[in-house]
Structure formats: structure tokens, C-alpha cells
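Q: coordinates only, sequence not included:
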């Protein structure tokens, strides 16, 4: 009987150690999940090269969208791409300062509706997904850009 009890005790002890190790691993994983990112949004977007790729993909998507392309018919696309990249860099804590025109002036009297604005957001989100930007970084960028809605729509 003592031999069985010893065997049972050892098995229980081994399982307890395994459970403790598993709990320790899970605690460290859960702890990492709740820790603030150690990198900036700029870094999570891929830095300068990543943002340039996002902007390029976004502008190609807009150019292919019959509802949106007309808004950019008389726009210098290279200048727009540079301005957008600079703005995304600045808003994502990168080493840039946006020096373009204020949003209300840049978009005044364009006839943009909420539907157009939402379509642009959808195209940007699709570009971010195609560039394999993680959901958290996508949401963070869109969240930082969202307050611009009021300025963009001010003089429509």
C-alpha cells in the first residue's frame, strides 16, 4: 500500500509541477498581451518605407474607385502622396511634422459627403490590410485620423 501511495504521490507532484509551469507560461503570455507596445505606431506601420507603401497602395485603390477618383482629377499625385506619407508619419509618432495645408482648407468646397469619407476610410483600411498591418496598428492609425473628419467636412 505504501508503494502505491508513493507512486500516486509522485504522479500528483509531477502533475502539480507541470501545472505550475503551465500557469507561469500563461501568466507571462497574458502579461505580454496587456503590456503597452514597446514600439511606436510609426514602427508598427513599417517606418518610412512601410508608410510609403501604404500610401502608394491606398492611392492606387482610390484611383480604381469610380466613386472617389474624381475628387483627385486635378491633383498632383506625387505631391499628395508625399503629403499623406508625411501626415501618416507625424500622426503615428514618427520623425516627421505635417506641414501641409489645414484639412478644412485642403478639402473645402469639394462636395465630399459622409459616404465619400467613409469610402476613403474603407480604402485606407483595405490598403493597410494588404500591407499586412496588424489589426491593432490599423485601428490605432484610423483612430488617430478620425478626428480630422470634422475639419474635412467643415466647408462642404
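A: Received, thanks. Predicted model, so just to flag it, every value in this text is computed and none were measured.
Q: can you pull the buried residues of the one helix or strand residue 129 maps to?
A: Using DSSP states H and E, residue 129 maps to helix 114-130. The neighbour-count check on helix 114-130 (16 or more other Cβ atoms under 10 Å) flags 116-117, 119-120, 123-125, 127-128 as buried. The C-beta positions use only the backbone N, C-alpha and C, and glycine is treated the same way.
Q: so how far is residue 121 from residue 146?
A: Using Cβ to Cβ, to the nearest Å, residue 146 is found at 8 Å from residue 121.
Q: actually residue 147, not the one I wrote
A: 13 Å.
Q: And for residue 112, nearest residue in space, chain neighbours not counted?
A: Spatial nearest neighbour of residue 112, chain neighbours left out: residue 156 (5.3 Å); criterion: Cβ to Cβ, 6 or more residues apart in numbering.
Q: now residue 89
A: That would be residue 96: by Cβ to Cβ, 6+ apart, it lies 3.6 Å from residue 89.
Q: roughly how far apart are the one you found and residue 118?
A: Distance from residue 96 to residue 118, by Cβ to Cβ: 26 Å.
Q: What is the burial count for the nearest residue to residue 97 once chain neighbours are set aside?
A: Computed as Cβ to Cβ, 6+ apart, the closest residue to residue 97 that is not its neighbour in sequence is residue 90, at 5.6 Å. Residue 90 sits with 17 neighbouring residues when counted by other Cβ atoms under 10 Å.
Q: by contact count, what packs against the helix or strand containing residue 90?
A: Element membership of residue 90, judged by DSSP H and E, is helix 77-91. Helix 77-91 sits against helix 47-63, helix 135-145, with contacts defined as 3 or more Cβ pairs under 8 Å, 6 or more residues apart in numbering; DSSP states H and E.
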